[in-house]
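Novice: Task: produce atomic coordinates for the following.
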Amino acid sequence: MKKNLLLFLAAGLTFFTANSQEINDAMRYAQNNQNGTARFRAMGGAFGALGGDLSAINVNPASSAVFSNNQISTTLSNFSTKNNSNYFETNTSKRDNSFDVNQAGGVFVFRNNNLNNKWKKFSISINYENTNNFDNKINSFGTNPKNNISNYFLSYANANPSRNQLGIPLGVITDNNYFQLNYADQQAYLGYYGYLINPLNENDNSNTIYTSNVPAGGNYYQENSIISTGYNGKLSFNAATSYRDKIYIGLTLNSHFTNYKKNNLFYEENDNANTNIVDLVSTSFENEITTYGSGFSFQLGAIAKITNEVRLGLSYESPTWYSLNDEVRQNLVSRVFNYTNNTNPNISSENPDSNDVVIYDTYKLRTPGKLTGSLAYVFNKKGLISFDYSFKDYSNTEYSIERDSRNEFVNSDISNQLTSASEFRIGGEYKIKTLSLRAGYRFEQSPYKNARTIGDLNSYSGGLGYNFGTWKLDLAYTYAERNSQQNFFSQGFTDSAKINTVNNNVSMTLTFEL
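Specialist: Residues are numbered from 1 along each chain as shown. As a prediction, this is how the structure comes out:
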């Protein structure tokens, strides 16, 4: 390591780069929360064969033709998340709470007064839903007995035959401006000037072998904090028709838009002091990324009324084609102990553009499509029970990264690690005059082959509604729980915290008949 680095006494080593495009970034858009109207949520979202609800249109576009009258509705939700983390047997919890308007829309029904025409109704609707709420907080900390953050930077600097990756020559790091380097070279550069990795031969610019500068043989206390904010919204335009009030067919065009911001702060200190002139004592590594963009998808669906009681539904949701942009900031500070004068300097480098971010070229992301089959049984006007089954192959998720060097293997990683997943939803409703009682259950399989990175989801819900005549009030409560494993970094240092996430949602919907 360059000796003159030990002379810098400044605020911190600050460079700007980007986290590589990873599978978990894709999963952020491939998976949706179960949002929507309170009636829809209370019944677990099992509406594919029912219709007659604005959020049901998101499951089956034919749903709007089931409406008898024009309606508008809006939904307010309180979304609470608790993350319980376990990292090397150290437990911690973090809560986050948000309140928003997560649904608003209307449907308009046009009847055909020609008694000889078998196409009885035509409907159009427009609806907005917040399909994902990204507000979240996760804290993890504990003592790692073997791995440290230098392994992350070594994984980029050294050769990796499985990735067709050659070791990075020292001259590439020392003789070039940071912003001229590709992603892997930037990470090696960051680790080198942050005093985390050393070249095996300091005087050879062709050196391609690096070692850790973090003292070995003791324990590494580590903290990882994640704070994310933002949303993924969808504006839907729907048209549907009814044939003899027995067959319903519909089409929906969806416009997606997203804004996501995540700040990830990792801190590590060690008690592995040795007899070197200087020792690396602690490292603080901050990553902040903002992703924004838009997308498009469409849906096709049909509902068949087999008898007055039995209804079948079938729908297809296309992939969503996103165009996304990343703005990223990264900050690294390493603290060393100098045994010659008993001081604790920070290893740092002046950066006149410390408030700048890197803006990457627009890239594409295609999420997988989904097929849903539905069955419902209606007990006259007293109640109903409904069941939905959905299938989605997450391994079909794909990035287009023609001009992006961050992770050229991301698509093969997706294919190797993700798999198809089923989702089951069941819901029921019972009416007592103008009062409706509702309950539901939802199960979603893990999209990962290992079933651990993101585990299965179980969700229970209940609610009630009251019909005041020209307007209705619905309330719903939803509980959802899922386990996952959170890697602090994408490669090299892949030890993970075990996360148990519990979501509690309370929703209220006002519906007006026009």
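Novice: which one's the longest strand in the chain?
Specialist: strand 278-305 (DSSP state E).
Novice: and after that one, which helix or strand comes next?
Specialist: Next helix or strand after strand 278-305 toward the C-terminus (DSSP states H and E): strand 310-317.
Novice: Beyond whichever helix or strand Phe122 is part of, next helix or strand please.
Specialist: Using DSSP H and E, the element containing Phe122 is strand 119-133. Using DSSP H and E, the helix or strand that follows strand 119-133 in sequence is strand 136-144.
Novice: Give me the sheet partners of that following strand and which way each runs.
Specialist: The strands that strand 136-144 pairs with in its sheet are strand 220-243 (antiparallel) (by DSSP bridges).
Novice: Show the pLDDT at Thr340.
Specialist: You'll see Thr340 listed with a pLDDT of 59.
Novice: tally of neighbours for Met167?
Specialist: Met isn't right for residue 167; it's Gly. Residues near Gly167, counting by other Cβ atoms under 10 Å, number 18. Using the backbone N, CA and C atoms, a C-beta is placed for each residue, glycine as well.
Novice: How about Asn69?
Specialist: Residue crowding around Asn69 was assessed by other Cβ under 10 Å; the count is 10.
Novice: Just to be sure, it is in a helix?
Specialist: No: under the criterion used here (DSSP: H, G, I helix; E, B strand; the rest coil), Asn69 is coil, not part of a helix.
Novice: And for the closest residue to it other than its chain neighbours, the neighbour number?
Specialist: Distances taken as Cβ to Cβ, 6 or more residues apart in numbering put Glu513 closest to Asn69, at 5.0 Å, once the chain neighbours are dropped. Glu513 has 15 neighbouring residues, counting by other Cβ under 10 Å.
Novice: angle of the lengthiest helix in the chain against strand 278-305?
Specialist: Determined from DSSP state H, the single longest helix within the chain is helix 183-193. Angle, helix 183-193 to strand 278-305, by axes from the mean of the first three to the mean of the last three Cα atoms, to 10 degrees: 150 degrees.
Novice: What pLDDT is listed against Tyr189?
Specialist: Taking Tyr189 on its own, its pLDDT is 88.
Novice: go on, Gln485?
Specialist: pLDDT, read off for Gln485, is 92.
Novice: in the helix or strand harbouring it, what's buried?
Specialist: Using DSSP H and E, Gln485 maps to strand 471-487. Under the neighbour-count criterion of 16 or more other Cβ atoms under 10 Å, strand 471-487 has 472, 474-478, 480-486 buried.
Novice: Could you measure from the residue nearest to Asn69 over to Ser386?
Specialist: Glu513 sits 22 Å away from Ser386, going by Cβ to Cβ, to the nearest Å.
Novice: Kindly report the same for His256.
Specialist: 26 Å.
Novice: Same check on Ser323?
Specialist: In terms of Cβ to Cβ, Ser323 sits 36 Å off from Ser386.
Novice: which of these two has more neighbours?
Specialist: Ser386 (26 against 13).
Novice: if we can go back for a sec, what is the subsequent helix or strand relative to the strand holding Gln485?
Specialist: Next in sequence after strand 471-487, counting helices and strands by DSSP H and E, comes strand 496-513.
Novice: So for that following strand, what gets flagged as buried?
Specialist: For strand 496-513, burial by neighbour count (16+ other Cβ under 10 Å) applies to 496-501, 503, 505-509, 511.
Novice: again, but for stretch 287-300
Specialist: Applying 16+ other Cβ under 10 Å to stretch 287-300 flags 287-291, 293, 295, 297-300 as buried.
Novice: Distance from it to the middle of the chain?
Specialist: 11 Å (Cα atoms, centre = their mean, to the nearest Å).
Novice: who are the neighbours in contact with the residue lying closest to Gly105 once chain neighbours are set aside?
Specialist: Among residues not flanking Gly105 along the chain, Asn127 sits closest, at 3.0 Å (Cβ to Cβ, 6+ apart). By Cβ atoms under 8 Å, 6 or more residues apart in numbering, Asn127 lies in contact with 54-55, 57-58, 103-107, 235-236, 238.
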